[in-house]
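Build me a model from this:
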Amino acid sequence: MANIHSQKKRILRTERERLENRRYTSAIKTYFRRLEALVGDGDAAAEQTHRELVSTIDKAVKRGALHRNTGARKKSRAARLLSGS
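Now for the predicted structure:
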């Protein structure tokens, strides 16, 4: 454990930020699995799930939890999945 007060604060802050990033990435994976299941079943709710997925990806990129190229790649794969190609 660090001895300097600012280092202790930094360790705590880093852990909070890491957990926030994990929440975003976990939610994106969950939406992606949900989208795959809905598209496989031919459900009409796939559009809504796709919108939520894209929104979550955009928020994660804006916040820095994902790199912008990673976000673009995930959105592209989701759109391709939704279109059925």
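
in the lengthiest helix in the chain, what's buried?
Selection of the longest helix in the chain by residue count, based on DSSP state H, yields helix 5-41. Using 16 or more other Cβ atoms under 10 Å as the burial criterion, the residues of helix 5-41 that qualify are Y24, A27, I28, Y31, F32, R34, L35, L38, V39. Glycine gets a C-beta too; all of them are placed from N, C-alpha and C.

And the pLDDT for the fourth one?
We note a pLDDT of 96 for Y31 in this prediction.

Excluding covalently adjacent residues, which one is nearest to it?
What sits nearest to Y31 in space, not counting adjacent residues and going by Cβ to Cβ, 6 or more residues apart in numbering, is L53, at 3.9 Å.

Equivalent analysis for the second one, please.
With Cβ to Cβ, 6+ apart as the criterion, A27 has its nearest non-adjacent residue at 5.4 Å, and that residue is T56.

Could you pull up the residues touching that neighbour?
By Cβ atoms under 8 Å, 6 or more residues apart in numbering, the contact list for T56 reads Y24, A27, I28, Y31.

got the contact list for the third one?
When contacts are counted by Cβ under 8 Å, 6+ apart, I28 touches L53, T56, I57, A60, L66, K74.

quick revisit: so of the buried residues of helix 5-41, which two are at opposite extremes in space?
In terms of Cβ to Cβ, the buried residues of helix 5-41 reach their longest pairwise distance at Y24 and V39, which sit 22.4 Å apart.

gap between L66 and R34?
With distances defined as Cβ to Cβ, to the nearest Å, the gap from L66 to R34 amounts to 18 Å.

Beyond the longest helix of the chain, next helix or strand please.
For helix 5-41, the following helix or strand on the C-terminal side (DSSP states H and E) is helix 46-63.

number of nearby residues for V61?
Here the count is done by other Cβ atoms under 10 Å, and V61 has 19 residues near it.

hang on, it packs against R73?
No: V61 lies out of contact with R73 (Cβ atoms under 8 Å); the separation is 11.0 Å.
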